[in-house]
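# Here is a sequence with its predicted model. Questions after.
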Amino acid sequence: MSGGAQCWGDNEYGQLGNGSVTDSPLPVQVQGLGAGVEAVAVGAYHSCALVNGTVQCWGDNEFGQLGDGSVTDSSVPVEVRGLATGVEAITAGLWFTCALVQGSVLCWGTNTGGELGNNSTAYQSPVPGPPVAFR
């Protein structure tokens, strides 16, 4: 909406990004994202936005799907570590997130089913990492 982001619905983990964990049947403004939002992606209980070539995520972070290096939930957007520029697209799955960065895919979050594409099923990666064969 006018370069910002709004979310609505269940907010148990802060996935609406407005600084609360109160559900909302109406759109609420995502805190700190008033301009520059190019795309939004949502997983099961987390949300992310592509903002001026970077990525910010909020909500459930049990498996590191927010990409900030922690496993702490956040009810406001946090910047994904290591993605300062060049992000072209984002997508989110159940408990993981991926970004297209200058022709390469980087993923983070749970990996028990090989979601990160790194030829492993190591439990998780709380920061973006390159998959093995997605180039």
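Right, received. Where do you want to start? Numbers count the residues shown, from 1 in each chain.
# Quick check: closest non-adjacent residue to Ser120.
In space, and not counting its chain neighbours, Ser120 is closest to Asn111: 6.5 Å by C-beta to C-beta, 6 or more residues apart in numbering. Bear in mind the C-beta positions are built from the backbone N, C-alpha and C, glycine included.
# ditto for Thr121
For Thr121, ignoring the flanking residues on the chain, the nearest one in space by C-beta to C-beta, 6+ apart is Gly114 at 5.4 Å.
# re earlier: so the residue nearest to Ser120 versus Gly43, what's the distance?
Per C-beta to C-beta, to the nearest Å, Asn111 is found 14 Å from Gly43.
# ok, now which ones touch the residue nearest to Ser120?
Applying C-beta atoms under 8 Å, 6 or more residues apart in numbering to Asn111 gives the contacts Phe96, Asn118, Ser120, Thr121, Ala122, Tyr123, Gln124, Ser125.
# try 6 Å
By C-beta atoms under 6 Å, 6 or more residues apart in numbering, the contact set of Asn111 is Thr121, Ala122, Gln124.
# swap in Thr54?
Thr54 makes contact with Leu83, according to C-beta under 6 Å, 6+ apart.
# quick one: it from Phe96, how far?
The gap separating Thr54 from Phe96 is 18 Å, by C-beta to C-beta.
# Now do Gly113, the pLDDT please.
What the model reports for Gly113 is a pLDDT of 85.
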